[in-house]
Every structure is written in structure tokens, then in C-alpha cells.
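**Q** From the sequence below, what's the structure:
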Amino acid sequence: MFNIIAERPEDAAPRQTLLDLVFGDDRNLKTVYRLRDGIDPVAGLCQVALDGEKFQGSLRFWPVSITGAKSPLLLGPLAVDPARRGQAIGIALVRRGLRDAAALGHDLVLVVGEPSYYARFGFEAAAPHGLTLPGPVDETRFQVVFLSDTVGASGVVSKADCLCR
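**A** Numbers count the residues shown, from 1 in each chain. Predicted structure coming up:
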């Protein structure tokens, strides 16, 4: 059993440990990390999964800028304790995150991740929509889900102009 709650300050250390375990300490070299550098995550959308007080998973969303989008987000990283994979923790985190993002008025969410995993949430290839990332990325893993009737969002995804540290 697990509960999803809003991320708390005391979740920083276990989140970092989990991210190192799941993605390695070189994850900061990836293109999506450059879009997050110096930017705060969207506080109302950062969440963790706990089993009692034991940290089981984490999901964050980050503001980005895209021509034609009102309030686009970048999902990630999504991480679940490898010992708890297959127990729907990641699915619950993403479903709740997307629901909350839509309720807050965000119009689209981008992710770089496994297409077969993210398709269940409505994600599809971003390139056919005219969206690109600034840097190397496997185009098959770069995906988008539209949370509203966003029309005309296209171009290169860039860092958000606000919420800077």
C-alpha cells in the first residue's frame, strides 16, 4: 500500500538518493536537465509516494516555454523504488500529476520517456506536432499530451522565463 502526498522539504534527501539509484549520477547531463537548471519545479505538482513513512517514489513537473502554449510543463523525473516496480506507484503518480496539472490550467505536458509506458496516459510523439528539444534527444522518446485544446503550440522547447531560483 502507498499514499501520494505533496512533496515536503524532508523528501529532498530520499528523492535524491532514489534518483541516483534509478537514473545514475550522470543524469544531469541530459537535455531535459538543462531545461530545469536554475528553475524551480511547480510546487503544487511535486508529489511523492510513501508506504508509511518509507519513500517509494517521486514525480515533479517543471515550467517550460513553447511558442503558442499558455502554460506548458515538462514531466520528470518520475522515479519509483526498483523493489516496488510493478505495483502501479508510477502510474498513480502520473495520473494524479496530469489531473492536477489540468485542474491548474496547464495546457500541455512534455516528457522524454518510454513510449509504451506513457501512451496509457495519452502521450504521443511530439515531433509530428512541430515540437523539438534544444539538444540531443531520441525523438521516439520525446512525447506530448495535450490537456486542453491547445492550438498552434510548436517550435523549440526552451527554459521558462519565470520561477527562477
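**Q** Hmm, residue 27 is touching residue 79, no?
**A** No - using CB atoms under 8 Å, residue 27 is not in contact with residue 79; the gap is 10.0 Å. Every residue, glycine included, has its C-beta placed from N, CA and C.
**Q** More neighbours: which of these two?
**A** residue 79 (25 against 15; other CB atoms under 10 Å).
**Q** And what about the more buried one, helix, strand or coil?
**A** Under DSSP: H, G, I helix; E, B strand; the rest coil, residue 79 falls in the strand class.
**Q** how much space is there between the residue nearest to it when sequence neighbours are not counted and residue 130?
**A** Spatial nearest neighbour of residue 79, excluding adjacent residues (CB to CB, 6 or more residues apart in numbering): residue 22 at 4.4 Å. According to CB to CB, to the nearest Å, residue 22 and residue 130 sit 31 Å apart.
**Q** Looking at these two, which has the bigger crowd around it?
**A** When residue 22 and residue 130 are compared for neighbours, residue 22 comes out ahead with 17 against 14, by other CB under 10 Å.
**Q** my guess is that one meets residue 78, correct?
**A** No - the pair residue 22 and residue 78 fails to qualify as a contact (CB under 8 Å) at a distance of 9.1 Å.
**Q** mind checking the SS state of the closest residue to residue 84 other than its chain neighbours?
**A** Nearest-residue entry for residue 84: residue 56, 5.2 Å, with adjacent residues in sequence omitted and distances by CB to CB, 6+ apart. The three-state label given to residue 56 by three-state DSSP is strand.
**Q** Provide a list of residues in contact with residue 56.
**A** Counting by CB atoms under 8 Å, 6 or more residues apart in numbering, residue 56 makes contact with 2, 48, 49, 50, 80, 81, 84, 89.
**Q** can you put the residues you listed in a markdown table and add secondary structure and neighbour count?
**A** Listed next are the contacts of residue 56 as a markdown table, based on DSSP: H, G, I helix; E, B strand; the rest coil; neighbours: other CB atoms under 10 Å:
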| residue | secondary structure | neighbour count |
| --- | --- | --- |
| 2 | coil | 20 |
| 48 | strand | 24 |
| 49 | strand | 25 |
| 50 | strand | 17 |
| 80 | strand | 23 |
| 81 | coil | 21 |
| 84 | helix | 16 |
| 89 | helix | 22 |
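**Q** This completes my enquiry, with thanks.
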